[in-house]
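Enquirer: from the sequence below, what's the structure:
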Amino acid sequence: MYNIGDRIVYPMHGAGVIKEIEEREILGEMRQYYVLKLPHGDMKIMIPVDKCDEIGVRDVIEEKDVDMVLDVLGAPSTPMPSNWNHRNRENMEKLKTGDIKEVAEVVRNLTRVESTKHLSTGEKKMLTNAKQILSSEFIMALDIDHDKAEEMIIAAI
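Expert: I've put the predicted structure just below:
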């Protein structure tokens, strides 16, 4: 169980700080929820405490692990399907894992595709979301601001 002040990653949304642990009745059932504040936007996310393992909630990477993520960003692109629909599905599966390496691969590969050809609207949105997930974890791991995290990502690619 996590505590108030802990930094965690919620797949598909990114890293944040637990601000509260609330008990709420939803559909007639009392449950505890972590209230997560993300470093970007003004969104408040409520995560059911008893579903964290199932959802894939995990600790934020440590500062020493950031270099490994930067290495993934700088590595050669992995082969992706040429059909944007298949590519989109594959990338979505990677993002759902919540694994920082998988998220970094999506950011790297889509950024490189974007530099050579036009991304579909869905892929642009996915790239923006993946960058936000990645930058939020850098912000939490390194105590830096959003602009610095973005610079690190772009420079590594």
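
Enquirer: residue 47 in helix, strand or coil?
Expert: strand (DSSP: H, G, I helix; E, B strand; the rest coil).

Enquirer: who touches it in this structure?
Expert: 10, 33-34, 36, 55, 57 (C-beta atoms under 8 Å, 6 or more residues apart in numbering). C-beta here means a position set from N, CA and C on the backbone, and glycine is covered the same way.

Enquirer: buried residues in the strand or helix carrying residue 69, which are they?
Expert: For residue 69, the host element (DSSP states H and E) is helix 66-74. Going by neighbour count (16 or more other C-beta atoms under 10 Å), the buried part of helix 66-74 is 66, 69-70, 72-73.

Enquirer: returning to that earlier point: keep only those of the contacts of residue 47 that are in strands.
Expert: Using DSSP state E, the subset of those located in strands is 10, 33-34, 36.

Enquirer: could you give the number of residues near residue 84?
Expert: When neighbours are counted by other C-beta atoms under 10 Å, residue 84 registers 15.

Enquirer: right, and it touches residue 126 too?
Expert: No - contact criterion C-beta atoms under 8 Å: residue 84 and residue 126 do not qualify, at 10.5 Å.

Enquirer: rewinding a little: possible to save the ones in strands among the contacts of residue 47 as TSV with pLDDT?
Expert: Putting those into TSV (pLDDT from 0 to 100) gives the following:
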residue	pLDDT
10	95
33	96
34	97
36	96
